[in-house]
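Asks: structure here, sequence nowhere to be found:
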Ligand SMILES: Nc1ncnc2c1ncn2[C@@H]1O[C@H](COP(=O)(O)OP(=O)(O)O)[C@@H](O)[C@H]1O
Ligand SMILES: [Mg+2]
């Protein structure tokens, strides 16, 4: 039918929140139900935003001004991109994230840095033009998967006859 479309569902969160795990699980489950589903990795850009902002936050004392300036600047390259139908924010404390596998091996994997990234997310989440849903990422992989799948199915139903939006326009 003309006009029907799929949903653009974004998983966000700090390192080790479970984005890759849940993204894979969701695509597998949707395919098993006969849907067409693809996993796109947009991380080198989207998580880069959080990282960039975080790196400024670490250096700057005047947080509010610099953060707002930096946030607008970081958002520029993504203006006009397809707007996610829903952004699932997998919320996990830096302490809980640190307890998950291999934490600390990479440059940004330390709790104080991830704390800054979390603060940057909370600023981005004040943007009410976006459909953010906060998920408790400390739940088991299976429980979280069930919740995410149910939101994905609802979203697919809701948006199928609606036009895709443009980000920050
Ligand atoms: N809900 C969960 N509970 C416990 N461990 C988890 C959970 N989700 C993911 N993990 C584990 O945490 C690590 C990071 O998960 P991953 O999906 O790669 O996170 P991200 O892509 O957000 O960095 C992996 O070792 C994964 O198996
Ligand atoms: Mg990942």
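Replies: Sure thing, it's come through. What you are looking at is a predicted structure, and each value in this text was computed from that prediction instead of being measured. Ligands and ions are numbered 1, 2, ... in the order given.

Asks: any residue of the longest helix along the chain up close to ligand 1?
Replies: Longest helix in the chain by number of residues (criterion: DSSP state H): helix 141-159. Yes: legend: contact between helix 141-159 and ligand 1 by Cβ under 6 Å from any ligand atom is shown at 141, 144. All C-beta atoms are positioned from the backbone trio N, CA, C, and that covers glycine.

Asks: renumber starting at 30 from here on
Replies: I'll keep to 30 as the first residue from here, and by that count the last item is helix 170-188.

Asks: once you drop chain neighbours, what's closest to residue 50?
Replies: residue 170 (6.0 Å; Cβ to Cβ, 6 or more residues apart in numbering).

Asks: now swap in residue 153 and tell me
Replies: In space, residue 153 is closest to residue 100, 7.0 Å off (Cβ to Cβ, 6+ apart).

Asks: wait, a helix at that neighbour?
Replies: Yes: residue state for residue 100 (DSSP: H, G, I helix; E, B strand; the rest coil) corresponds to a helix.

Asks: for residue 108, see how far away it is.
Replies: According to Cβ to Cβ, to the nearest Å, residue 100 stands 13 Å off from residue 108.

Asks: and for residue 151?
Replies: Residue 151 is 21 Å from residue 108, by Cβ to Cβ.

Asks: swap in residue 187?
Replies: Residue 187 is 24 Å from residue 108, where distance means Cβ to Cβ.

Asks: okay, now residue 103: neighbour count?
Replies: Close neighbours of residue 103, defined as other Cβ atoms under 10 Å, add up to 19.

Asks: quick check: residue 159 touching residue 114?
Replies: No: in this structure, residue 159 is not within contact of residue 114 by Cβ atoms under 8 Å, at 10.0 Å.

Asks: okay, those two: which has more neighbours?
Replies: Taking other Cβ under 10 Å, residue 159 and residue 114 do not tie; residue 114 has more neighbours (20 against 16).

Asks: so that one sits against residue 160, correct?
Replies: Yes: in this structure, residue 114 is within contact of residue 160 by Cβ under 8 Å, at 6.7 Å.

Asks: the residue nearest to residue 50: what's it in contact with?
Replies: Contacts for residue 170 were tallied using Cβ atoms under 8 Å, 6 or more residues apart in numbering; they are 47, 50, 51, 54.

Asks: could I get those residues as a markdown table with secondary structure, distance to ligand 2 and neighbour count?
Replies: As requested, these are exported to a markdown table (DSSP: H, G, I helix; E, B strand; the rest coil; distance: Cβ to the ion, whole Å; neighbours: other Cβ atoms under 10 Å):
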| residue | secondary structure | distance to ligand 2 | neighbour count |
| --- | --- | --- | --- |
| 47 | coil | 8 | 22 |
| 50 | helix | 8 | 17 |
| 51 | helix | 10 | 22 |
| 54 | helix | 13 | 18 |
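
Asks: fine, thanks again, bye for now.
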